[in-house]
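Asks: give me a model of this one.
(chains A and B)
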Amino acid sequence: MADSEVETKQRKSVAFSEGSVIMDTNGQVTDAPPAEQPAGGSLKKKKSSKKSKTEGDDEEAPAVDGEFDPTALKRKKKSSSKSKKADASDFDAKLAEAGIAEDAGEEQPEELPEGDLEAGTGIWAHDATQAIPYSLLVNRFFSLIESHHPDLLSSGAKSYKIPPPQCLREGNRRTIFANIADICKRMKRSEEHCTQFLFAELGTSGSVDGSRRLVIKGRFQQKGIESVLRRYIVEYVTCKTCRSPDTELNKGENRLYFVTCNSCGSRRSVAAIKTGFRSQIGRRKRVG
Amino acid sequence: MSIENLKTFDPFAEADEDTGETKQSQNYIHIRIQQRNGRKTLTTVQGLPKKFDQKKILKVIKKKFACNGTIVTDTEMGEVIQLQGDQRKDVQEFLTDKDGLELDAKTIKVHGF
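Replies: As a prediction, this is how the structure comes out:
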């Protein structure tokens, strides 16, 4: 029983490589790997110790093969299946070869935990000639990125965060945008520019109160202001080429506003804020 | 067979065309909303192409969206369609729809919250 357990473990490590090899060389169907696995397992068992058992396994292996791929097997596995179907003597010779290859394959996963990624020992040693499996490489990639550039992974895609706008209702028809100073500081934009945009988009007017909060005329919900703010960021904060929010807004020549990106160096002009057409609500009130 | 590289190329011709195109594309149609007293609002549509008859458009819109509206002539903006209520989505759909004006969605800018 112990043997069989060992065998299964070993098989796991080896079977993949063998199966894949077969697949590649023959360019054949998926039946190949499962058929190969028992063979690989039997090979290993022989190599490890027991010869009496191996013979029994040998008989089984071809049978299994026959079940799996009745037609293509002979062509497919000329290289490897020979070992199964040949005599015991042939087997031993083949086993020696295959065993060596398998041992090399087995050693890898055993050694891997030993190798220290940071110290560069084991499989990570500079002169190590073993092929490093993909999963290990990926692990190394992410651990290195995490240790060296912690903000790369977290802020990789789009997580440019500003605090949500805090909206209070003052009286019945005025809204207070409380944390505009904080938000503008995060965006590195002047409050005037931001308020100008807000007023133009919302089609209202307003003022700044004593504690630098913005008082907007009209009822607005946080959701609405947030969406306007988002539009402001897309228009005037993020760089269009590299999407970095690390930009500056400057007045260039001819009173045009220019956004200069600090991370990629691109410079583009942005549209001036226009209020557009305002219908005559106010005037009518004054008239009437 | 003509050799593409050796064709005479007027660098300014294309630039002129480009500016023309950008001018055209910069003629955005702005759809805005304005708050009135209470929860009443106004929707304004500004910058519709001149080839359309604003009166007819207004008539269709009024019927379709069940709202009243007028055409306001502004000194700077020209003719602006003004509708009662928040019709921004309706108007945008109408402008881009096949049974509407079939305009390019990129030329339409919706403002407001």
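
Asks: which residues of the chain fall in strands?
Replies: This is for chain A. For chain A, the strands defined by DSSP state E occupy A:167-170, A:174-177, A:206-208, A:214-217, A:247-251, A:257-261, A:267-270.

Asks: meant chain B actually
Replies: Using DSSP E, the strands of chain B run over residues B:29-35, B:41-46, B:69-74, B:78-84, B:108-110.

Asks: of the strands of chain A, which approaches chain B most closely?
Replies: Proximity to chain B (C-beta to the nearest C-beta) singles out strand A:214-217 among the strands of chain A, at 8.2 Å. Placement of C-beta: from N, CA and C, glycine included.

Asks: correct me if wrong: A:Glu170 contacts A:Ile216.
Replies: No. Contact criterion C-beta atoms under 8 Å: A:Glu170 and A:Ile216 do not qualify, at 9.3 Å.

Asks: so what sits against both of those two?
Replies: Overlap of the contact sets of A:Glu170 and A:Ile216 (by C-beta atoms under 8 Å, 6 or more residues apart in numbering or on different chains) consists of A:Ile176.

Asks: which one of those two has more residues nearby?
Replies: A:Ile216 (24 against 12; other C-beta atoms under 10 Å in any protein chain shown).

Asks: just give the nearest non-adjacent residue to that one, would you?
Replies: Nearest residue to A:Ile216, sequence neighbours excluded (C-beta to C-beta, 6 or more residues apart in numbering or on different chains): A:Gly206, at 4.1 Å.

Asks: number of nearby residues for that neighbour?
Replies: A:Gly206 is flanked by 18 other residues according to other C-beta under 10 Å.

Asks: in the chain, which spans are helices?
Replies: Defaulting to chain A. With DSSP state H as the criterion, chain A has helices at A:2-26, A:32-48, A:51-68, A:73-76, A:78-85, A:88-111, A:134-148, A:150-154, A:180-187, A:191-202, A:222-232, A:281-287.

Asks: other chain: chain B
Replies: Along chain B, the segments classed as helices by DSSP H run B:11-26, B:54-65, B:88-96.

Asks: hmm, the last one touching chain A?
Replies: No. Applying C-beta under 8 Å from any C-beta of the partner chain, one finds helix B:88-96 out of contact with chain A, separated by at least 11.5 Å.

Asks: run through who's touching that helix.
Replies: Applying C-beta under 8 Å, 6+ apart, the external contacts of helix B:88-96 come out as B:29, B:31, B:33, B:43, B:45, B:60-61, B:64-65, B:83, B:100-105, B:108, B:110, B:112.

Asks: and the residues you listed near chain A, which?
Replies: Of the residues in the contacts of helix B:88-96, proximity to chain A by C-beta under 8 Å from any C-beta holds for B:Ile33, B:Gly112.

Asks: list only buried entries from the contacts of helix B:88-96.
Replies: Buried subset of the contacts of helix B:88-96 (neighbour count, 16 or more other C-beta atoms under 10 Å in any protein chain shown): B:29, B:31, B:33, B:43, B:45, B:61, B:65, B:83, B:100-101, B:103, B:108, B:110, B:112.

Asks: point out where chain A drops to low pLDDT.
Replies: A:1-116, A:118-119, A:149-159, A:280-288 (pLDDT under 70).

Asks: repeat that for 80
Replies: Along chain A, segments meeting pLDDT under 80 span A:1-130, A:146-161, A:252-253, A:276-288.

Asks: who in it is up against chain B?
Replies: For chain A, the residues in contact with chain B (C-beta under 8 Å from any C-beta) are A:200-204, A:218-221, A:223-225, A:227-228, A:276-281.

Asks: just the CA atoms of stretch A:184-197, as PDB, please.
Replies: Extracted in PDB, the C-alpha atoms of stretch A:184-197 (Å, rounded to 0.1, in the frame of the first residue of the first chain):
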ATOM      1  CA  CYS A 184      -9.300  70.000  -5.000                       C
ATOM      2  CA  LYS A 185      -6.100  69.500  -3.100                       C
ATOM      3  CA  ARG A 186      -6.200  65.800  -4.000                       C
ATOM      4  CA  MET A 187      -6.700  66.700  -7.700                       C
ATOM      5  CA  LYS A 188      -4.200  69.500  -7.600                       C
ATOM      6  CA  ARG A 189      -6.700  71.900  -9.100                       C
ATOM      7  CA  SER A 190      -7.700  75.300  -8.000                       C
ATOM      8  CA  GLU A 191     -11.000  75.500  -6.200                       C
ATOM      9  CA  GLU A 192     -12.100  78.300  -8.500                       C
ATOM     10  CA  HIS A 193     -11.700  76.200 -11.600                       C
ATOM     11  CA  CYS A 194     -13.500  73.300 -10.000                       C
ATOM     12  CA  THR A 195     -16.400  75.500  -8.800                       C
ATOM     13  CA  GLN A 196     -16.600  77.200 -12.200                       C
ATOM     14  CA  PHE A 197     -17.000  73.800 -13.800                       C
END
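
Asks: and it, what's buried?
Replies: A:Cys184, A:Met187, A:Arg189, A:His193, A:Cys194, A:Thr195, A:Phe197.

Asks: excluding sequence neighbours, find me the nearest residue to the fifth one.
Replies: Spatial nearest neighbour of A:Cys194, chain neighbours left out: A:Cys184 (5.2 Å); criterion: C-beta to C-beta, 6+ apart.

Asks: who's in contact with that neighbour?
Replies: If you count contacts by C-beta under 8 Å, 6+ apart, then A:Cys184 has A:Ser190, A:Glu191, A:Cys194 around it.

Asks: tell me the contacts of the last one?
Replies: Think A:Cys194. By C-beta under 8 Å, 6+ apart, the contact list for A:Cys194 reads A:Ile180, A:Ile183, A:Cys184, A:Met187, A:Tyr232.

Asks: also A:His126?
Replies: The contact partners of A:His126, taken as C-beta under 8 Å, 6+ apart, are A:Gly120.

Asks: contact residues of chain B facing chain A?
Replies: For chain B, the residues in contact with chain A (C-beta under 8 Å from any C-beta) are B:30, B:32-36, B:39, B:42, B:44, B:46, B:72, B:74, B:77, B:80, B:82, B:111-113.
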